[in-house]
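[1] predicted structure and sequence below. I'll ask about it afterward.
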Amino acid sequence: MNANPLQPSLLECRNATVAQLLNKRREDGLTKNQIETAFQELAKRIFKPKLDPKPLRGRRLLRFNRMIHLSDRNFAPETVFEKFLANEPEATPKSGQTVKWANQIPIWSGIRGPGGGRASIDIGYSPEGGKFWLYELKIKPKTDHPLYAIVELITYALGYLIIRKLAERWSDGDPVKTRIRSHDEDLLNASTILFAVLAPDQYYDTIVPKHRIKLCRSELKTLGACAEELLTSEAKKRFGPDCLRLHFSLLAMSIKRDTFPKDLKSRELWIKEIKGNGTLRDLVLQAKPIF
């Protein structure tokens, strides 16, 4: 429950933006201007509170590690996918390159009031120093829809900007700054970050519940472009034109299977079938833009 009724929670911010866009879409179709306006209003709601959320509840913000424990009672396909990916053996990197994988990267905890649910990036990949790909994973169609996934990922990206700005503003030796910087200095100082929704191609054809709306690929393309424009603008505003480059993409993986794990045996079989002769990391890295 949100402790401060004047300060909307992360979940409330997301839902308000999604509802605003769906209502516009139902009335007369979505224009680029309407999308830009909705995203700008979302950013204002996110950044409205002062950037001073002491004490931060999150103690592992931006932790960039592989979290491999998976309960025998967990069969959620997104969790199964990213945990099995985290358990895959590290490939030998090319000479001179440092390749890192991570999952369940906390990116929001403590920045705003409660009510945002699980606010972590599902999968992280760093092909070399200073560059990071951060993926919001969607596996099972009909659990939500592409518009919600886009707005959700925008809020995570804005959360990253807040964390980075906090670490920059607080003086050296401040315990909160020390805590932020104690987990992954490289991600905090990244020069380039790609934020991407990662899903099977059929996910992007999911019909929005209740509204019975299916966004066409041209609309999704405009939404993605507006998301990148927003994040680029916000990054420049806070860190200057050359400090940080942010990109936004909607990526499709080659997963055709529509059944999902229900027990331990089917969980193992599901993973084997979707990765084929390759690895889950191959599936991620071979994902293509949907347009």
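    Looks like it arrived, so ask away.

[2] output the below-cut-off pLDDT ranges for the chain.
    Regions of the chain meeting the criterion pLDDT under 70 cover residues 1-7, 49-59, 91-97, 109-118, 170-184.

[3] again, only using 50
    1-3, 5, 53, 55, 115-116 (pLDDT under 50).

[4] can you pull out the helices in it?
    10-28, 32-47, 77-87, 146-169, 175-181, 185-188, 217-239, 264-275, 280-285 (DSSP state H).

[5] counting by contacts, list what the last one packs against.
    With contacts defined as 3 or more C-beta pairs under 8 Å, 6 or more residues apart in numbering; DSSP states H and E, the secondary structure elements packing on helix 280-285 are helix 77-87, strand 120-128, helix 264-275. Heads up, the C-betas are built off the backbone N, CA and C, glycines and all.

[6] isn't Glu152 up against Glu136?
    Yes: using C-beta atoms under 8 Å, Glu152 is in contact with Glu136, at 6.4 Å.

[7] what's around the nearest residue to Gly124 once chain neighbours are set aside, how many residues?
    Computed as C-beta to C-beta, 6 or more residues apart in numbering, the closest residue to Gly124 that is not its neighbour in sequence is Ala102, at 3.9 Å. Other residues near Ala102 come to 23 when the count uses other C-beta atoms under 10 Å.

[8] residue contacts, Ala102?
    Going by C-beta atoms under 8 Å, 6 or more residues apart in numbering, Ala102 touches Arg63, Phe64, Asn65, Arg66, Met67, Ala86, Ile123, Gly124, Tyr125, Ser126.

[9] ok, now how distant is the fifth one from Phe81?
    Met67 sits 13 Å away from Phe81, taking C-beta to C-beta, to the nearest Å as the criterion.

[10] between the two, which one's more packed in?
    Phe81 (26 against 15).

[11] hmm, that one is touching Thr279, no?
    No: using C-beta under 8 Å, Phe81 is not in contact with Thr279, being 11.7 Å away.

[12] how near is the residue nearest to Leu198 when sequence neighbours are not counted to Leu285?
    Once flanking residues are discounted, Leu198 sits nearest to Tyr135: 4.2 Å by C-beta to C-beta, 6+ apart. For Tyr135, the distance to Leu285 (C-beta to C-beta) stands at 10 Å.

[13] in terms of neighbours, single out the busier of those two.
    Taking other C-beta under 10 Å, Tyr135 and Leu285 do not tie; Tyr135 has more neighbours (24 against 13).

[14] contact partners for the more buried one?
    Counting by C-beta under 8 Å, 6+ apart, the residues that Tyr135 touches are Ile121, Asp122, Ile123, Gly124, Tyr125, Ala196, Val197, Leu198, Leu251, Val284.

[15] show me what the third one is bridged to.
    Read it as Ile123. With DSSP bridges as the criterion, Ile123 is bridged to Asn103, Tyr135.

[16] what about it, neighbour count?
    Count around Ile123 with other C-beta under 10 Å applied: 24.

[17] okay, and the common contacts of Phe81 and Thr279?
    With C-beta under 8 Å, 6+ apart as the test, Phe81 and Thr279 reach no residue in common.

[18] pretty sure Ile35 is touching Cys226, no?
    Yes: contact criterion C-beta under 8 Å: Ile35 and Cys226 qualify, at 4.5 Å.

[19] sorry, back to before: in a markdown table, list the helices of the chain along with distance to Arg245.
    Shown next, in a markdown table, are the helices of the chain (distance: least, C-beta to C-beta, whole Å):
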| stretch | distance to Arg245 |
| --- | --- |
| helix 10-28 | 24 |
| helix 32-47 | 18 |
| helix 77-87 | 25 |
| helix 146-169 | 12 |
| helix 175-181 | 21 |
| helix 185-188 | 14 |
| helix 217-239 | 8 |
| helix 264-275 | 31 |
| helix 280-285 | 20 |
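
[20] quick one: which of the ones you listed is nearest Trp108?
    Among the helices of the chain, the nearest to Trp108 by C-beta to C-beta is helix 146-169 (4.3 Å).

[21] run the chain-centre distance for that closest one.
    8 Å (C-alpha atoms, centre = their mean, to the nearest Å).
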